[in-house]
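1. Sequence first, predicted model second:
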Amino acid sequence: MLVPPDMMVAQTRMIYQMNRFCAERVQDRMLKTATAIREICKIVQDILKEVELQEPRFISSLVECNGRYEGVEVVSPNEFEIVLYLNQMGVFNFVDDGTLPGCAVLKLSDGRKRSMSLWVEFITASGYLSSRKIRAKFQTLVAQACEKSVYRNMVKVIGDTSEVRLRIRERYVVQITPAFKCSGIWPRSAAHWPVQHLPWPHPGIVAEVKTEGFDLLSKESFVLQNKNNSSPATMEGDAWVLSFYEAENRLLQGGCRRRCLSMLKTLRDRHLELPGNPISAYHLKNLLLYECEKHPREVEWDESCIADRINGIFLQLISCLQYRRCPHYFLPALDMFKGKSPSGLEQAAKQVWRLTRELLTNANAFEKL
């Protein structure tokens, strides 16, 4: 197909601007993030070492590998989540019946005695392994470890939550989340995935993702926090939150998908950091996965197409903000805008539209953003 010379020039200029944006803005963000992660992980490792001495069941899984720390998620430039993987989930059955959107429970297997579990004192009378009870124990241990730590003058436990959240150097907030890794099984609430007849993702990648599995996190669910008590409060406290962090990362390999995500995160941090945090990096990651389904061919993720993909994702985001609903990629019944203020979402929609309009109408937008 013949392409008019002026279109070729415009596309070449856009690619040059985006490459420069990546080399300057994106790299600057990544460098600052990497520096922050090294700083906080050094402190958190010290605290978790003390926790392990006090309670050997909480073994630190925060390990540096090839200069990177496994299990660290960047929530925002100053907020991080560290997942602490626990051992011996085996005597429990994974129960995912859709009663609690985005959550599941762990129930003692039939015929298994409580004493067979490593976590015996956290099992409820109904036989559920209580996420809340494990978190409460872990929170107490972390608070004690912080008092003993050589870093105690620069670490504070944030007390108005059941989660383990630390404020480090008055600059960073770090959440440490106990979790179980669930390999080789796939939740019923995500059974629809992948959507039939869609060419993306490739069946080989789907098999990999499902074999790798998912995580169960001991944390407060934003759905349950804002839910009328239609199900027993005890069940809600016992529930574990489903996480597909590794699966999402595996799906975003190939083409310029990871690069697109880095650019989206950078644009979000620079232009969409709004009161109440209506738009997180995780919202953008989920919308990127939906965009991958809409554009399944690898050629559509070439560097010459990144601007179109970013515009498509922002237009999706505007629609979600206006309808006040953002479905989770793997769990579409889970609304990720649940609990966000309508006025906050409305203001966010206006701000995203301003940004998108700039990208659509200004050929030199990336020079200023």
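-> Looks like it came in fine. Residues are numbered from 1 along each chain as shown.
2. Of all the strand elements in this structure, which one is longest?
-> Secondary structure of the chain per DSSP state E: the longest strand is strand 172-182.
3. what pLDDT, on average, does that one get?
-> Confidence over strand 172-182 (mean pLDDT, whole number) is 95.
4. distance between it and the chain's centre?
-> 11 Å (CA atoms, centre = their mean, to the nearest Å).
5. do the same with stretch 14-31
-> 23 Å.
6. And it, what's buried?
-> 14-15, 17-18, 21-22, 25-26, 29 (16 or more other CB atoms under 10 Å). (C-beta placed from N, C-alpha, C; glycine too.)
7. The residue nearest the centre of the chain in helix, strand or coil?
-> Nearest to the geometric centre of the chain sits Y282, at 5.2 Å (CA atoms, centre = their mean). Classification of Y282 by DSSP: H, G, I helix; E, B strand; the rest coil places it in helix.
8. Go ahead and confirm it touches M336.
-> Yes - counting by CB atoms under 8 Å, Y282 does reach M336; the two are 7.4 Å apart.
9. ok, back up a step: give me the helices and strands touching the longest strand of the chain, please.
-> helix 27-54, strand 79-85, helix 131-148, strand 164-168, strand 214-217 (3 or more CB pairs under 8 Å, 6 or more residues apart in numbering; DSSP states H and E).
10. Of those, which is nearest G98?
-> The closest of the helices and strands packed on strand 172-182 to G98 is strand 214-217. By CB to CB, the value is 15.5 Å.
11. Name every strand pairing with that closest one and say which way it goes.
-> strand 172-182 (antiparallel), strand 240-243 (antiparallel) (DSSP bridges).
12. contact partners of it?
-> The list of residues contacting strand 214-217 from outside it, by CB atoms under 8 Å, 6 or more residues apart in numbering, reads 83, 85, 89, 94, 104, 106, 177-182, 186-187, 190, 240-247.
13. Give me the helix or strand of the chain that scores worst on average pLDDT.
-> Of all helical and strand segments in the chain, the minimum by mean pLDDT, DSSP states H and E falls on helix 222-225, at a mean of 64.
14. And R165, how close does it get to R135?
-> 11 Å (CB to CB, to the nearest Å).
15. higher neighbour count, these two?
-> Counted by other CB atoms under 10 Å, R165 and R135 do not tie: R135 has more neighbours, with 23 against 20.
16. tally of neighbours for the residue nearest to that one when sequence neighbours are not counted?
-> Excluding the flanking residues, the one nearest R135 by CB to CB, 6 or more residues apart in numbering is S218, at 4.7 Å. Using other CB under 10 Å, S218 has 27 neighbouring residues.
17. Quick check: which of the helices and strands packed on strand 172-182 is buried the most?
-> strand 214-217 (a mean of 24; mean count of other CB atoms under 10 Å).
18. Keeping just the C-alphas, turn it into PDB.
-> Output of strand 214-217 as PDB, limited to C-alpha atoms (Å, rounded to 0.1, in the frame of the first residue of the first chain):
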ATOM      1  CA  PHE A 214      -2.800 -16.700  40.600                       C
ATOM      2  CA  ASP A 215      -2.300 -15.400  44.200                       C
ATOM      3  CA  LEU A 216      -4.600 -15.100  47.200                       C
ATOM      4  CA  LEU A 217      -3.900 -11.900  49.100                       C
END
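19. how far is stretch 13-28 from where the chain is centred?
-> For stretch 13-28, the distance to the chain centre is 25 Å (CA atoms, centre = their mean).
20. Residues contacting it, please?
-> Outside of stretch 13-28, the residues within contact range by CB under 8 Å, 6+ apart are 259, 262-263, 266, 270, 303-304, 306-307, 363-367, 369.
21. could you redo the last one with a cut-off of 7 Å?
-> Applying CB atoms under 7 Å, 6 or more residues apart in numbering, the contact partners of stretch 13-28 are 259, 262-263, 266, 303-304, 306-307, 363-364, 366-367.
22. So for the helix or strand encompassing E73, what gets flagged as buried?
-> E73 belongs to strand 72-76 when assigned by DSSP states H and E. Residues 72, 74, 76 are the ones in strand 72-76 that count as buried (16+ other CB under 10 Å).
23. Now do the contacts for the first one.
-> Contact analysis of V72 by CB under 7 Å, 6+ apart lists 37, 41, 80, 82.
24. if we go to 10 Å?
-> Taking CB atoms under 10 Å, 6 or more residues apart in numbering, we find V72 in contact with 33, 37, 40-41, 44, 62, 80-83, 174.
25. which one of those residues is nearest L252?
-> Nearest to L252, judged by CB to CB, of the contacts of V72 is T33 at 17.1 Å.
26. Name the nearest residue to that closest one, ignoring sequence neighbours.
-> That would be V74: by CB to CB, 6+ apart, it lies 5.6 Å from T33.
27. again, but for Q88
-> Leaving aside its chain neighbours, Q88 sits nearest to L118 (4.3 Å; criterion: CB to CB, 6+ apart).
28. For that neighbour, grab the count of nearby residues.
-> By other CB under 10 Å, the burial measure for L118, its neighbour count, is 13.
29. and what of I158?
-> 13.
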